[in-house]
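S.K.: got a structure for you, letters missing:
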């Protein structure tokens, strides 16, 4: 799905690098599956199933634009409160998606990671599939895809604090840098751009530490209808922002 001018100013630069102004790390809160299904008088599970196409489309669009890190919020620690049948369906669906698209992700040079998956409620078979995909793609360096599954930003921060305490850290030794080193995947750069579909404007406990200075975009389109053209429009919006990081001179969508 494209339209005239959708890619103007966005894309990989000659030689394979990112074009100027392309965010290094984009995160997506994939919201609106249930409403997408309800508008069609379908069960909520139909919305989750339809979201698979969007996930692959966004991964391909991010790669093509030169985004180096892409994070997708798939299942939160709070999502366990949903109806049991829906949760069970999601577990089966995600397992099928992981297995189906593993060869594509490997071929595209995408390194896959899973943020969360520490709760014993995650089915053992699904957790094993996550580990298998991580191992399969660990040598890839084209783009890092982080799927947040059974993830909670507050929990990550609490666990980092516990890790520091267990390590005997002195209070005076704790800085933002040393604290961040105890978060999951500490090599992950801060998020530059967060896209939350469906028009909802909430953080929802997503990567709380990493999104501290992110730009946020809230497209009205529901996640199952979100396509590469919408992703590019969000990148254009990001490029028009002035990122000051608390200072007076604006920064041209780059590092502080």
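M.R.: Received, thanks. All values derive from a computational prediction rather than experimental measurement. Residues are numbered from 1 along each chain as shown.
S.K.: contacts, neighbours, all on C-alpha from now
M.R.: Noted.
S.K.: could you pull out the helices for the stretch 151-256 of the chain?
M.R.: With DSSP state H, counting those that start in this stretch, the ranges of helices along the stretch 151-256 of the chain come out as 153-166, 176-180, 228-239.
S.K.: for these, which one sits closest to residue 52?
M.R.: Closest to residue 52 of the helices of the stretch 151-256 of the chain is helix 228-239 (Cα to Cα; 13.5 Å).
S.K.: which elements pack onto the closest one?
M.R.: helix 44-65, strand 215-217 (3 or more Cα pairs under 8 Å, 6 or more residues apart in numbering; DSSP states H and E).
S.K.: out of those, which gets nearest to residue 100?
M.R.: So among the helices and strands packed on helix 228-239, helix 44-65 is nearest, using Cα to Cα, at 10.7 Å.
S.K.: can I get the helices and strands packed on helix 228-239 in TSV with distance to residue 167, mean pLDDT and mean neighbour count?
M.R.: TSV is the format used below for the helices and strands packed on helix 228-239 (distance: least, Cα to Cα, whole Å; pLDDT from 0 to 100; neighbours: other Cα atoms under 10 Å):
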stretch	distance to residue 167	mean pLDDT	mean neighbour count
helix 44-65	38	98	19
strand 215-217	34	98	19
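S.K.: got TSV for these, with distance to residue 108 too?
M.R.: What follows is the helices and strands packed on helix 228-239, written out as TSV (distance: least, Cα to Cα, whole Å):
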stretch	distance to residue 108
helix 44-65	9
strand 215-217	27
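S.K.: out of the ones you listed, nearest to residue 148?
M.R.: Closest among the helices and strands packed on helix 228-239, using Cα to Cα: helix 44-65, at 13.1 Å.
S.K.: now the element after the closest one, going C-ward?
M.R.: strand 69-76 (DSSP states H and E).
S.K.: any idea how far that following strand is from the chain center?
M.R.: Averaging C-alpha positions (Cα atoms, centre = their mean, to the nearest Å) puts strand 69-76 3 Å from its chain's average.
S.K.: next: stretch 83-91.
M.R.: Using Cα atoms, centre = their mean, the offset of stretch 83-91 from its chain centre is 21 Å.
S.K.: burial check on residue 161, number of neighbours?
M.R.: Neighbours of residue 161 under the rule other Cα atoms under 10 Å: 18.
S.K.: and the pLDDT for the nearest residue to it once chain neighbours are set aside?
M.R.: Using Cα to Cα, 6 or more residues apart in numbering and skipping residues adjacent in sequence, the residue nearest residue 161 is residue 179, 7.3 Å away. Note for residue 179: predicted pLDDT of 96.
S.K.: got it, and residue 10?
M.R.: 58.
S.K.: sec struct for residue 126, please.
M.R.: When classified by DSSP: H, G, I helix; E, B strand; the rest coil, residue 126 comes out as helix.
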